[in-house]
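Asks: Test case, fold it:
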Amino acid sequence: MSKTRRIRIIINGAVQGVGFRPFIYRLAEEMQLPGWVNNTAQGVIIEVEGLPHRLEWFLERIKAEQPPHALIQRMEHESLDPVGFTTFEIRSSDAQGGKTALLLPDLATCSACLAEIFDPQNRRYLYPFTNCTHCGPRFSIIEGLPYDRPNTSMKRFAMCPQCQAEYDDPLDRRFHAQPNACPACGPQVELWDQAGKICADHHDAVLQTVDALREGKIGAIKGLGGFHLMVDARNEDAVDRLRMLKRREEKPLALMFPDVESLRLECHLSDLEERILVSAESPIVLLERLDQINSVLAENIAPHNPYLGAMLPYTPLHHILMGLLKFPIVATSGNLSDEPICIDEHEALQRLHGLADIFLVHNRPIVRHVDDSIVRVMMDRQQIMRRARGYAPLPVDMGGELASVLAVGAHLKNTISLSRGTNIFISQHIGDLETEQAYKAFEEVISSFQKVFEAKPQAVVCDLHPDYLSTQFAKQSNASLIQVQHHYAHVLSCMAENQIDKPVLGVSWDGTGLGQDGTIWGGEFLLADRDGYQRVAHLRTFPLPSGDKAIKQPQRTALGLLYECMGEAVFNLTDAAFMQSFPPADLRLLGDMLRKDIQCPRTSSAGRLFDGAASIVADKHKVSYEGQAAMELEFALHGVVSRERYPFEILSTENAALVVDWSTTMQAILTDAADGVSIAQCSARFHNTLVEMIVDIAIRVDQKDVVLTGGCFQNRYLCENAVRRLSEEGFTPYWHSIVPPNDGGISLGQAVYACRRLQKNL
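Replies: Model prediction:
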């Protein structure tokens, strides 16, 4: 007869804040297995006693029936002598040891809580802070591990007897729901005017906010991870005013729709896109617009853009607001351009003064800013373009023990990463380090990560570029410094999320990154593995007149491109629209700069190649936000089916790196533009040419595994057609899904490289 055994189970992963302990309690009670469970700084530990076959069944059921938002990375167990447990209990959390448990992202309101919010008979009727173990704030309120109420910003709210009874009942879905609250004991909302005077509170504050939005006013609404600026998305004047005050000229504005049905009136919606929209992550999803003739939206929501960034309500407050409004609203980040999102109501009063007419605030402190994530569907799977709420700070599991390193990311679309245990934790989107406030937010995120994980990194990792503020931060730290070339970090990022540990051909295309040779790279083909890389090919370099100024004035890039391949003859193109866009004095000055090679850094940038083409064929001579010219060139493809392409050449060089010469491409584009070929047709030919450049180099290098990374591969047409053509030619392409292809993924690649170096003692 089998004897009773005791097993200790150690579970690592996202197993705190998801109802894991009550799940284990109920399972053990049902199977009549005595023992205990508790949270630790590393995850969850369980001990149970029973007959061997029942213990095996218990282990199988944990994996098969785990809570929907749990993520088990590892589950190990060992056999021990029985000690005679008689009941099963949930023990107090243990905060000892290294902090390696996963921090759970903030989760959208679940259906059970939503039903309570709109049930007049429920004690949480219209309560904006309703949550349970399946939903609500997590990452935005946590101050330390393990994830218990005293380690969150909810510690100031003492639970009433009813909430405490729910919290203490293992059979209740609010058992150990750390943000648990109700109208009697939890956070509350208030409506403030521009001076911070309280105008209303509780539900009256919400009702007056709704009235103000209906009147066309701008509302600053404190949400889950920061403030939104909200206006009626149907009101052209209100949207114009918001753009002017926020200093956001043309960049698309995110929208929140009341429900899926109202969204379907404006956008095409696939099954996968709908699943992402209504998921617990609830990101902004880029959706193709329907015919705008019947649209109720203001025309200035997303100028010259066939896509809308749309989301659904994801907090109780959003659901209540949208249930009353019943029309789409702009819900853009509560900041001025290039600044981080506001998270504190007093800070918002100051920073958003003169921008917002009203402030709907609450008294639950936000520990860290968390923007809305942005996702698009590409090749029938999601691609995260901005990784924040719903996804951060879930890590990439590297499969083996790692050195502890801090990677500080790039200058634009900054994130930071921290390795701990077997994981690399990636922060929420921080943004462009262009302002004092943005740099302060960057420092705060680093401090917060190191505090939560009690980390003392062995090394700090940064980009090669000396002018990046992230690089300067790293050089001023006391830890050992490791620097990683920008485009190699992109490749390592894609390799890590695809769990590739073998050589690849990395196609790393973006706007700017400092190369190993001190020049500006951006159109790179790298033969790479986790130990290093070889630059086997790149786009032909060209001068960038006035450097960074050309990024906002693509006609300067077009001039540099054509000067490279035509020389002085470019100044004879007096009929070309891009040439006519220059004031005569500017053109003379730029000509002198090119001839004398003054302030004309050379670059191989694929992003700038897009800009130059957009200026020539689409008359896009000035942009108000990064990537605008390239995006509008991509949007011109809408509905076009063509495999035509322009000519190009592959040149051999003395240093063995192949050069992709686009000079015949640009001259053919110039001819097409002069001949009146449509923008759509020119764009299709240009994109197809870029795809064939990738395929041609892949064939010549003969590396079957090809990684597509960098900001250019946010371009759906480019990425999808590169994947298709590479597959047709027998290659295995990889691209991004859970980590952004843009500079938001750089910190992950930096961390991968540094961990490898430290592991090999290099």
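
Asks: Show me the strands in the stretch 1-150 of the chain, by range?
Replies: 5-14, 35-39, 44-50, 71-80, 88-90 (DSSP state E, counting those that start in this stretch).

Asks: Could you pull up the mean pLDDT of stretch 211-224?
Replies: The average pLDDT within stretch 211-224 is 98.

Asks: Buried ones in it, by neighbour count?
Replies: Across stretch 211-224, burial judged by 16 or more other CB atoms under 10 Å covers 212, 213, 216, 217, 218, 219, 220, 221, 222, 223, 224. Using the backbone N, CA and C atoms, a C-beta is placed for each residue, glycine as well.

Asks: Report the two members of those separated by the largest distance.
Replies: Spatial extent of the buried residues of stretch 211-224 (CB to CB) is set by the pair 216 and 224 at 25.6 Å.

Asks: domain ranges for this structure?
Replies: 5-90, 103-187, 189-362, 538-740 (automatic domain parsing).

Asks: Over to the first one now: how far is its first residue from its last?
Replies: Across domain 5-90, the straight-line distance between its terminal residues is 20 Å, by CA to CA, to the nearest Å.

Asks: Now find how far off-centre that domain is within its chain.
Replies: 34 Å (CA atoms, centre = their mean, to the nearest Å).

Asks: how close does residue 520 get to residue 293?
Replies: 44 Å (CB to CB, to the nearest Å).

Asks: quick one: which of those two has more around it?
Replies: residue 520 (20 against 5; other CB atoms under 10 Å).

Asks: what about the closest residue to that one other than its chain neighbours, how many residues close to it?
Replies: When the adjacent residues along the chain are set aside, residue 520 lies closest to residue 603, with 3.9 Å between them (CB to CB, 6 or more residues apart in numbering). Residues near residue 603, counting by other CB under 10 Å, number 27.

Asks: Go ahead and confirm residue 603 touches residue 544.
Replies: Yes. Residue 603 lies in contact with residue 544 (CB atoms under 8 Å); the separation is 5.2 Å.

Asks: shared neighbours of these two, which are they?
Replies: Common contacts of residue 603 and residue 544 (CB atoms under 8 Å, 6 or more residues apart in numbering): residue 520.

Asks: and residue 469, how many neighbours?
Replies: 17.

Asks: and if you look at the one 3 residues further on?
Replies: Applying the criterion other CB under 10 Å, we find 15 residues in the vicinity of residue 472.

Asks: Please identify the helix or strand for it.
Replies: Here residue 472, judged by DSSP states H and E, is contained in helix 469-476.

Asks: after that helix, next one along is what?
Replies: strand 480-484.

Asks: tell me the average confidence for the following helix or strand past that following strand?
Replies: Per DSSP H and E, the first helix or strand lying C-terminal to strand 480-484 is helix 486-497. Per-residue pLDDT over helix 486-497 has a mean of 98.

Asks: name the helices or strands packed onto helix 486-497?
Replies: Applying 3 or more CB pairs under 8 Å, 6 or more residues apart in numbering; DSSP states H and E, one finds that helix 486-497 contacts strand 504-514, strand 520-529, strand 705-709, helix 746-759.

Asks: The shortest one pairs with which strands, and in what direction?
Replies: Next to strand 705-709 in the sheet, as set by DSSP bridges, lie strand 504-514 (parallel), strand 732-734 (parallel).

Asks: Redo these as a markdown table? Include mean neighbour count.
Replies: Supplementary listing: those in a markdown table, determined by neighbours: other CB atoms under 10 Å:
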| stretch | mean neighbour count |
| --- | --- |
| strand 504-514 | 27 |
| strand 732-734 | 19 |
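
Asks: and these as TSV, adding mean pLDDT and distance to residue 4?
Replies: Below are those laid out as TSV (pLDDT from 0 to 100; distance: least, CB to CB, whole Å):
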stretch	mean pLDDT	distance to residue 4
strand 504-514	97	52
strand 732-734	98	49
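
Asks: Identify whichever of the ones you listed lies nearest to residue 719.
Replies: Among these, strand 732-734 sits nearest to residue 719 (CB to CB), with 9.1 Å.

Asks: What lies in contact with the closest one?
Replies: 494-495, 498, 500, 504, 704-708, 722-723, 726-727.

Asks: Off-centre distance for it?
Replies: Taking mean C-alpha positions (CA atoms, centre = their mean), strand 732-734 and its chain are 22 Å apart.

Asks: Equivalent analysis for stretch 728-746, please.
Replies: Using CA atoms, centre = their mean, the offset of stretch 728-746 from its chain centre is 15 Å.

Asks: Please tell me how far the residue nearest to residue 430 when sequence neighbours are not counted sits from residue 728.
Replies: Once flanking residues are discounted, residue 430 sits nearest to residue 414: 4.4 Å by CB to CB, 6+ apart. Distance of residue 414 to residue 728, computed by CB to CB: 37 Å.

Asks: what about those two, which has more around it?
Replies: residue 414 (27 against 9).

Asks: And the contacts of stretch 535-543?
Replies: Taking CB under 8 Å, 6+ apart as the rule, stretch 535-543 contacts 505, 515-516, 519, 521-527, 560-561, 563-565, 594, 597, 600-606, 609, 650-651, 656-663, 693, 697, 700-701.

Asks: What is the end-to-end distance of it?
Replies: End to end - CA to CA - stretch 535-543 spans 20 Å.

Asks: mind checking how far that stretch is from the chain centre?
Replies: That offset, for stretch 535-543, works out to 29 Å (CA atoms, centre = their mean).

Asks: pLDDT averaged over it, what's the number?
Replies: In this model, stretch 535-543 has a mean pLDDT of 97.

Asks: where along the stretch 501-650 of the chain do the helices fall?
Replies: 549-552, 554-566, 577-580, 584-596, 606-618, 628-635 (DSSP state H, counting those that start in this stretch).

Asks: on that earlier part again, max pairwise distance over the contacts of strand 732-734: which two?
Replies: 495 and 727 (18.6 Å).

Asks: Okay then, goodbye and thanks.
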